[in-house]
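Asks: Structure of the sequence below:
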Amino acid sequence: MAELTLEIARKILDAALAKGVEKEFKPLVITILDARGAVKVTAAQDGTSLMRAEIAHGKAYGALALGMGSRALFQRAQEQAYFIDAVNTLAQGRMVPVPGGVLILDGSTLLGAVGVSGDTSDNDEICALAGIEAAGLKANAG
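Replies: Below you'll find the model as predicted:
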């Protein structure tokens, strides 16, 4: 597989949403970007708060922008706050460096990223990982 198809993105989306329901997480928004950063699919469960779509996108976008899951970006923000702040300024504030943004890999080939927002960052990441794994792909959360 050389690219993230809509069919695969929808499998990731469905499995990630199912994990949230199974775990009884708060309503989620899930955004899946391809390797270019283009949106393949975004979905919001009923009852999500206003900024969740932007946050989910920012988690996925940040992972793609720096080539590492947003958990790693979160760690890097703790250790090198000025660097992450500078990069986010260059990115016009589009990065959200907290867990919940996970790279999608097919072997070593980058296909895109998933961003999840709605519950705690750790729970958001659980859903992203579940979606990627259900599609038979490799996840890199950081």
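
Asks: Next up, the contacts around the residue positioned nearest the centre of the chain.
Replies: Nearest to the mean C-alpha position of the chain, by C-alpha atoms, centre = their mean, lies Gly115 at 2.0 Å. Applying C-beta atoms under 8 Å, 6 or more residues apart in numbering to Gly115 gives the contacts 30-33, 55-61, 63, 70, 96, 100-102, 128. Any C-beta I mention is one placed from the backbone N, CA and C, and that applies to glycine too.

Asks: Take these and keep only those in strands.
Replies: Ile30, Thr31, Ile32, Leu33, Gly101, Val102 (DSSP state E).

Asks: hey, which helix is longest across the chain?
Replies: Longest helix in the chain, counting residues (DSSP state H): helix 6-22.

Asks: in that helix, what's buried?
Replies: Ile8, Ala9, Lys11, Ile12, Leu13, Asp14, Ala15, Ala16, Leu17, Lys19, Gly20 (16 or more other C-beta atoms under 10 Å).

Asks: what does stretch 44-55 give?
Replies: For stretch 44-55, the neighbour count (16+ other C-beta under 10 Å) marks Ala44, Gln45, Thr48, Arg52, Ala53, Glu54, Ile55 as buried.

Asks: quick one, helices of the chain?
Replies: 6-22, 52-66, 70-79, 81-90, 121-134.

Asks: Now the ones you listed in JSON lines, please, with extra columns for distance to Asn140 and mean pLDDT.
Replies: Listed next are these as JSON lines, based on distance: least, C-beta to C-beta, whole Å; pLDDT from 0 to 100:
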{"stretch": "helix 6-22", "distance to Asn140": "14", "mean pLDDT": "98"}
{"stretch": "helix 52-66", "distance to Asn140": "8", "mean pLDDT": "97"}
{"stretch": "helix 70-79", "distance to Asn140": "8", "mean pLDDT": "95"}
{"stretch": "helix 81-90", "distance to Asn140": "18", "mean pLDDT": "94"}
{"stretch": "helix 121-134", "distance to Asn140": "9", "mean pLDDT": "98"}
